[in-house]
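> Quick one, what's the 3D model for this:
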Amino acid sequence: MSFLKAYEEFLEYAKKRHKKQSFDVLTYNFNANILTFFKDFNLEDITFNNIVMWQDFILEKNFCNNHNKNLFSMLKNFFHYCSLHFDFDYTIIERVEEFPKRIEEKHIDFYNLNEFNLFIKNVDNIVYKQFFNFMFYAGTRPGEAMALKFSDLGNFSIRINKTIDEHGNRNIDVPKTQSSIRTIQLDKKLYYELISLKEYYFKLYGKFDLDYFIFGGTKPLAPTTINRYKLKACEKANLRPITLHQFRHSHATLLLHNNILINEISKRLGHAKVSTTFDIYTHTDLLHEKRVLKTLNSLRFNFFDVLTYNFKKLISILKHNVF
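Presented below is the predicted three-dimensional model:
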């Protein structure tokens, strides 16, 4: 059987077992990175060396380690399906090693509080302003924020129980994991800012409905328009732009810098494991470096050490000035 024919049948199988958003991601990545290589093969002709050559093909694209890992898992799942339905020899791919891991420098960009205040001051539309406020002070995923309706808004809290496809048909679906379904507590200012949007939509439409999207009214905001307002504000503020998802990083970093426990941050973000939060957000930045140096200096310098250090420094200055 041809690889292409087997893939078409696999898609029918996978479509019934994946959420719409997950299925779209699967087909996009498979088409771009697996089908392009194997489309002219027959299943019975695929060898160990062919799969290794495919890995070389992928490595040339310089994807991150995690993306390579996901692609390899995707190919293995497809071949497992083929082994059950088309008598494909699955032991071929079992003998292939995982992708070699590249050394990756972790860098997560974010806005600190001063940068965000400068940014938000330059957003001139009330709906988009509150969207960015919500992203920074609530830390949801962009798709979760876009899907929110006024019926989700509680008393100084908001219920996250759906997400919206940020691309394609903008379908509303359940969140990516069970842990993503959560209730987030809102600070008073943010809560009243969201409430104020009710009056805005009432004036706009002449009525109000709890089924309105908090950010958009009768229909959710479009990511392209959100990004246009973002870039416009960044240009006015002379500030580097960050991605929508990096507003979520900004929220997590803000909480970390204010000594909120990592497990509390993890629950708020909707991560399935605390280790996920730890891996992503315990990055080193200048503020952390200053804390490290302050701690080390306090441990290594007692009062007598400070006096000795200052005395030596004074002698050195006098020598340079006198001689």
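> how about the strands in the stretch 51-200 of the chain?
Taking DSSP state E, counting those that start in this stretch as the criterion, the stretch 51-200 of the chain carries its strands at 157-160, 163-164, 172-173, 182-185.
> Okay, now the sheet partners of the third one, with direction.
So the one you mean is strand 172-173. Sheet pairing for strand 172-173, assigned by DSSP bridges, gives strand 163-164 (antiparallel).
> between the strands of the stretch 51-200 of the chain, which one is nearest to E235?
strand 163-164 (27.0 Å; Cβ to Cβ). From N, CA and C alone the C-beta is placed, and that goes for glycine too.
> roughly how far out does that closest one sit from the chain middle?
Remark: strand 163-164 is offset 14 Å from the chain centroid, using Cα atoms, centre = their mean, to the nearest Å.
> one step back: looking at the strands of the stretch 51-200 of the chain, which has the lowest confidence?
Among these, strand 172-173 has the lowest mean pLDDT, at a mean of 84.
> all helices for the stretch 1-150 of the chain, in order.
Taking DSSP state H, counting those that start in this stretch, the helices of the stretch 1-150 of the chain run over residues 3-15, 20-30, 36-38, 48-59, 65-85, 91-94, 113-120, 126-138, 142-146.
> Quick check: H18 touching L26?
Yes: the pair H18 / L26 is scored as a contact, 6.4 Å apart, by Cβ atoms under 8 Å.
> Pick out whichever of those two has more residues nearby.
L26 (19 against 14; other Cβ atoms under 10 Å).
> List the residues that contact the more buried one.
14, 18, 74 (Cβ atoms under 8 Å, 6 or more residues apart in numbering).
> Pick the one among these closest to L153.
When the contacts of L26 are compared for distance to L153 (Cβ to Cβ), H18 wins out at 30.3 Å.
> The residue most central in space within the chain: which element?
Taking Cα atoms, centre = their mean, the centroid of the chain lies closest to H245, which sits 4.9 Å from it. Using DSSP states H and E, H245 sits in helix 244-257.
> follow-up on the earlier one: redo the helices of the stretch 1-150 of the chain as JSON lines? Include distance to P223.
Listed next are those as JSON lines, based on distance: least, Cβ to Cβ, whole Å:
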{"stretch": "helix 3-15", "distance to P223": "25"}
{"stretch": "helix 20-30", "distance to P223": "14"}
{"stretch": "helix 36-38", "distance to P223": "27"}
{"stretch": "helix 48-59", "distance to P223": "28"}
{"stretch": "helix 65-85", "distance to P223": "21"}
{"stretch": "helix 91-94", "distance to P223": "37"}
{"stretch": "helix 113-120", "distance to P223": "18"}
{"stretch": "helix 126-138", "distance to P223": "11"}
{"stretch": "helix 142-146", "distance to P223": "7"}
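> Quickly compare the ones you listed and say which is most buried.
Counting by mean count of other Cβ atoms under 10 Å, helix 142-146 has the highest mean neighbour count of these, with a mean of 24.
> Please state the mean pLDDT value computed over stretch 94-103.
Per-residue scores along stretch 94-103 average to 90.
> give the contact list for K20.
Here K20 is in contact with 165, 171, 173 (Cβ under 8 Å, 6+ apart).
> Counting neighbours, which of these comes out on top?
That'd be D165 among these, by other Cβ under 10 Å, with 19 neighbours.
> returning to what we had before: out of the contacts of K20, which comes closest to T218?
Nearest to T218 among the contacts of K20, with distances taken as Cβ to Cβ, is N171, at 16.9 Å.
> just for the protein, where's the confidence low?
104-107, 166-169, 176, 281-293, 299-323 (pLDDT under 70).
> And stretch 11-24, end to end?
Using Cα to Cα, to the nearest Å, the end-to-end distance of stretch 11-24 comes out at 11 Å.
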